[in-house]
Each structure stands twice: as structure tokens, then as C-alpha cells.
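Asks: model this:
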Amino acid sequence: MLAMLAMMLLGDAVASPGTTLLVVAVAYAGVGLVLFVLTAGVRTGVGAMSLILLATDLGPRDRRSFAEWGVLVELLMTADRKLNAGTIAPAQHEALWWQAYECLGAHAHV
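Replies: The predicted structure is shown next:
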């Protein structure tokens, strides 16, 4: 990143502004492509998540939070099953996921 900044600041001394822009754009895209390829395994590896209740002596707030998380997990699993079965469109699947994201924002204290 520092090299790109130096290239932008010293661009007029080294090359024309057009050439500097081209070099910086190609370097930026190249770094992005390398990072995309390196993280491919991580991006496709997320497919499951577990929700475990460890404490035995929970208060009402903790039990309510646990139940709400369970509802969100069920919503996401249902959305995925329906998309895989072809009973809903990709846009409907995305809408269900956004519904879950909005609930997560409301329960960020958990």
C-alpha cells in the first residue's frame, strides 16, 4: 500500500499521470485478486454454526436470548433449505437473510 501511495505522489516525476494511474490500478487489482484466491478456502468453508448453552443457572434474559438465537438459526436454515429445494427465488432467500441480519443488530448485546 505504501508503494502505491509513493507511486501516486511521485507519479509526475517518474511517469505521466495516465501511466501512474494505470500502474496503481493494476497493482491494486492484482493484490485484490491474490487475496481473493488466498481466501477462497475460508469463504467456502463457512457452512455451519452451533449454538451451545453452557451455563446451567441462567436468568430469564439469558434464556430469552438463547431462544431468540435459536429462532434466527432456524430462519436461516429454512431459507437455505427452501432455496436448495427451489421453492423460493434467490431474491426471497436474500430477503430472509436480511431479516435475520436486522434481528442480529437488535440483539447485538448478546
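Asks: so where is this structure shaky, pLDDT-wise?
Replies: Residues of the chain that meet the criterion pLDDT under 70 lie in 1-4, 7-8, 10-12, 14, 42-51, 53, 55, 105-110.
Asks: how about the helices in it?
Replies: 2-9, 11-14, 17-38, 40-45, 60-85, 90-106 (DSSP state H).
Asks: What about residue 54, how many residues nearby?
Replies: 5 (other Cβ atoms under 10 Å). For the C-beta atoms, the positions are set from N, CA and C on the backbone; glycine is no exception.
Asks: Residue 103: what's its closest spatial neighbour, skipping adjacent residues?
Replies: residue 72 (5.7 Å; Cβ to Cβ, 6 or more residues apart in numbering).
Asks: mind listing what the one you found touches?
Replies: 100, 103-104 (Cβ atoms under 8 Å, 6 or more residues apart in numbering).
Asks: any idea how far the residue of the chain positioned farthest from its centre is from residue 19?
Replies: What lies farthest from the middle of the chain is residue 13; by Cα atoms, centre = their mean that is 40.3 Å. Distance of residue 13 to residue 19, computed by Cβ to Cβ, to the nearest Å: 12 Å.
Asks: What of residue 96?
Replies: Distance check for residue 96 against residue 19: by Cβ to Cβ, it reads 48 Å.
Asks: Kindly report the same for residue 90.
Replies: 42 Å.
Asks: same thing with residue 91?
Replies: Residue 91 is 43 Å from residue 19, by Cβ to Cβ.
Asks: more neighbours, those two?
Replies: Remark: of residue 91 and residue 19, residue 19 carries more neighbours, 12 against 7, as counted by other Cβ under 10 Å.
Asks: distance of that one from residue 32?
Replies: 20 Å.
Asks: now do residue 99
Replies: From residue 99 over to residue 32 (counting by Cβ to Cβ), the distance is 31 Å.
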